[in-house]
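# I'll drop the sequence and a predicted model, then ask my questions.
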Amino acid sequence: MKFIIYGAGALGSLFAALLSRKHDVLIVGREKHIEAIEKNGLIVEGITSGVFHPETRWDGSQYDLIILTTKAYDTSQATKEARKKFGEIPFLSLQNGLKNEEKIAKIAGEKNVIGGITNHGVTFLEYGRIKHAGYGETVIGEMDGRVSDRIRKIAKAFNEAGIKTMVSEKIKEEIWRKAIINSAINGLTSILKCKNGELIKYKNLVKEICDEGSMVARKEGFTIENAFEKTMEVIERTADNYSSMLQDIMKGKKTEVEEINGEIAKVANKHGIKACYNIVLTKMIKEMENVGTQVGLLVIKSRRGP
Ligand code: PAF
């Protein structure tokens, strides 16, 4: 198959690398990242290691799927740009946050949106270089629950490239589960400034945040079973990763807290309840963004060589 990875940061670059083993992949991202890939290849370290060579310039040919991996606050803008450039191709969102599919559908039309989640842990080391720090499964699904031919084809293509992928008939539930996982892991690691694995010491807090998110999801009609157990599993598998939110904070960048914890708090509010953990996490992390915390950047840049 022919895939466009649109908005390649850490996770998008990992997908570009893995998919390029078996498929045609065009990677679209920040110019400095693309230039580094053109110069040295896309360098992946960690549990996947190698130098990969996805296409970096579009040759005008038709692609099958745009995999959107931008930050959630950029979804609408990125969808508009990608659609203008590449025409009417379906989008698969592998982003964090709750509203991406709705935003894409508004621009590209409902039939051109596929939902997805992935639990890989990936750290952006520098332009052209990422670290695959933890395995996780990927789940994709049609928004209306049908198991369509295109969904089967995409899952097969991902699995062939070594990306363990399942098809779900309840992708909206999976997206909620992922948002709850992120609300606990990304929220807490950002405040505590630690790798995901450190959260094993904060099980009680993780559980309370997961319970709160599950309660809000239930109000929306989604039963999220075992959110805490699933979150602990992701923590263990991505123990060596810095969550994407903490990576953003360490770089002084805007985070996805509004689209994750903020959105859970908003939905709770709509149902007349207060999601206290999510409210506090959102407020604290927004404040940290304003302060522009730069600590820890050197820790994240693992050194090359001995
Ligand atoms: O956003 C992230 O960092 C990731 O979704 C995950 C799975 C929590 C791993 O760090």
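Arrived safely, thanks for sending.
# going forward, measure contacts and count neighbours with C-alpha atoms only.
OK.
# What residues of stretch 265-285 count as buried?
265-268, 274-275, 277-279, 281-285 (16 or more other CA atoms under 10 Å).
# quick one: contacts of it?
Stretch 265-285 has contacts (CA atoms under 8 Å, 6 or more residues apart in numbering) with 183, 187-188, 190-191, 209, 212-213, 216, 219, 257-258, 261-262, 264.
# coming back round to it: could you dump the buried residues of stretch 265-285 into CSV and include distance to Q77 and pLDDT?
Below are these laid out as CSV (distance: CA to CA, whole Å; pLDDT from 0 to 100):
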residue, distance to Q77, pLDDT
A265, 24, 98
K266, 22, 98
V267, 23, 98
A268, 27, 98
K274, 31, 97
A275, 29, 98
Y277, 30, 98
N278, 26, 98
I279, 26, 98
L281, 26, 98
T282, 23, 98
K283, 25, 97
M284, 27, 97
I285, 24, 97
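# Quick check: helices, which of these are part of them?
A265, K266, V267, A268, Y277, N278, I279, L281, T282, K283, M284, I285 (DSSP state H).
# coming back round to it: show the buried residues in the contacts of stretch 265-285.
The buried subset of the contacts of stretch 265-285 - by 16+ other CA under 10 Å - is 183, 187-188, 190, 209, 212-213, 216, 257-258, 261-262, 264.
# hang on, the earlier thing: now flag whichever of the contacts of stretch 265-285 is closest to T138.
Relative to T138, the closest of the contacts of stretch 265-285 is S183; by CA to CA it sits at 18.1 Å.
# Nearest residue to the residue positioned nearest the centre of the chain in space, please, no chain neighbours.
Among the residues of the chain, the one closest to the centroid is Q95, at 3.7 Å (CA atoms, centre = their mean). Once flanking residues are discounted, Q95 sits nearest to T69: 5.3 Å by CA to CA, 6 or more residues apart in numbering.
# Just give the number of residues close to that neighbour.
Neighbourhood size, T69 [other CA atoms under 10 Å]: 26.
# on that earlier part again, which ones are touching the residue nearest to the centre of the chain?
Neighbouring residues of Q95 by CA under 8 Å, 6+ apart: L68, T69, T70, K71, A72, G116, I117.
# would you turn the residues you listed into JSON lines with secondary structure?
JSON lines is the format used below for the contacts of Q95 (DSSP: H, G, I helix; E, B strand; the rest coil):
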{"residue": "L68", "secondary structure": "strand"}
{"residue": "T69", "secondary structure": "coil"}
{"residue": "T70", "secondary structure": "coil"}
{"residue": "K71", "secondary structure": "coil"}
{"residue": "A72", "secondary structure": "helix"}
{"residue": "G116", "secondary structure": "strand"}
{"residue": "I117", "secondary structure": "strand"}
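# re the thing from before, now do the residue nearest to Q95 against A82, distance only.
12 Å (CA to CA, to the nearest Å).
# what is in contact with the two at once?
Common neighbours of T69 and A82, counting by CA under 8 Å, 6+ apart, are Y6.
# what about the strands in this protein?
All strands of the chain, identified by DSSP state E, fall at 2-6, 24-28, 42-46, 50-52, 65-68, 91-93, 113-118, 121-126, 129-134, 138-142, 165-167.
# Which of those strands sits closest to the ligand?
strand 121-126 (3.9 Å; CA to the nearest ligand atom).
# Each with direction, which strands does that closest one pair with?
Strand 121-126 pairs in its sheet with strand 129-134 (antiparallel), by DSSP bridges.
# what is the orientation angle of the partner strand with strand 42-46?
Angle between the axes of strand 129-134 and strand 42-46 is 30 degrees (criterion: axes from the mean of the first three to the mean of the last three CA atoms, to 10 degrees).
# Make 526 the starting number, not 1.
In the new count, where the first residue is 526, that last one comes out as strand 654-659.
# what does strand 654-659 rub up against?
535, 538-539, 567-574, 645-650, 762-766.
# Please export the C-alpha coordinates of it as CSV.
C-alpha atoms of strand 654-659 as CSV (Å, rounded to 0.1, in the frame of the first residue of the first chain):
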residue,chain,number,x,y,z
ARG,A,654,16.6,10.7,15.0
ILE,A,655,14.0,9.0,17.3
LYS,A,656,14.0,6.3,20.0
HIS,A,657,11.5,3.5,20.0
ALA,A,658,11.1,3.1,23.7
GLY,A,659,8.2,0.8,24.2
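# near the ligand at all, it?
No. Contact check for strand 654-659 against the ligand, using CA under 6 Å from any ligand atom: none in range, with a minimum separation of 7.4 Å.
# Report the mean per-residue pLDDT for that strand.
Taken as a whole, strand 654-659 has a mean pLDDT of 98.
# residues in the stretch 576-725 of the chain within reach of the ligand, list them.
N644, H645, G646, N707, I710.
# All set, thanks.
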